[in-house]
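Q: sequence isn't available, so here's the structure alone:
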């Protein structure tokens, strides 16, 4: 499955109220490290089992970034039960992203 595009309108339903953990990638089209991380996130989304993968465009949703004190991108957040349980800023390889989800 492709990552879900998150906006302020669907954030609560898709992320905070999700029955399964959600990996959220906060990115922007002009960000070099984001471009490196994006294919990894897309690949993880295609194989996702027991969790969802979502993306938030930082340029389109600055309020969501501010809500979670995201000042640098890419930032990955893992939500479980509506709470952030793991966080990483900057590029990381696929195995490290998967470990975030498992944490």
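A: Yes, it's here. Note that the structure is predicted; figures quoted are calculated from it, not measured. Numbering: from 1, shown residues only.
Q: tell me the secondary structure for the residue nearest the centre of the chain?
A: For the chain, residue 24 is the residue whose C-alpha lies nearest the centre (CA atoms, centre = their mean; 1.4 Å). Secondary structure for residue 24, judged by DSSP: H, G, I helix; E, B strand; the rest coil, is strand.
Q: give the full set of residues in contact with it.
A: 6, 15, 54-56, 76-79 (CB atoms under 8 Å, 6 or more residues apart in numbering). Where C-beta positions appear, they are placed from N, C-alpha and C, glycine not excepted.
Q: could you give the bridge partners of it?
A: Beta-bridge partners recorded for residue 24 (DSSP bridges): residue 54, residue 77.
Q: quick one: it from residue 6, how far?
A: 7 Å (CB to CB, to the nearest Å).
Q: circling back to that earlier point, quick one: which of the contacts of residue 24 is most hemmed in?
A: For those, counting by other CB atoms under 10 Å, the largest number of neighbours falls to residue 56: 28 neighbours.
Q: what are the contacting residues of whatever helix or strand that residue lives in?
A: Using DSSP states H and E, the element containing residue 56 is strand 52-57. Here strand 52-57 makes contact (CB under 8 Å, 6+ apart) with 1, 3-7, 11, 14-15, 18, 20-29, 41, 44-45, 64-65.
Q: let's see it at 6 Å
A: With contact meaning CB atoms under 6 Å, 6 or more residues apart in numbering, strand 52-57 is reached by 3-4, 6, 20, 22-26, 44-45, 64.
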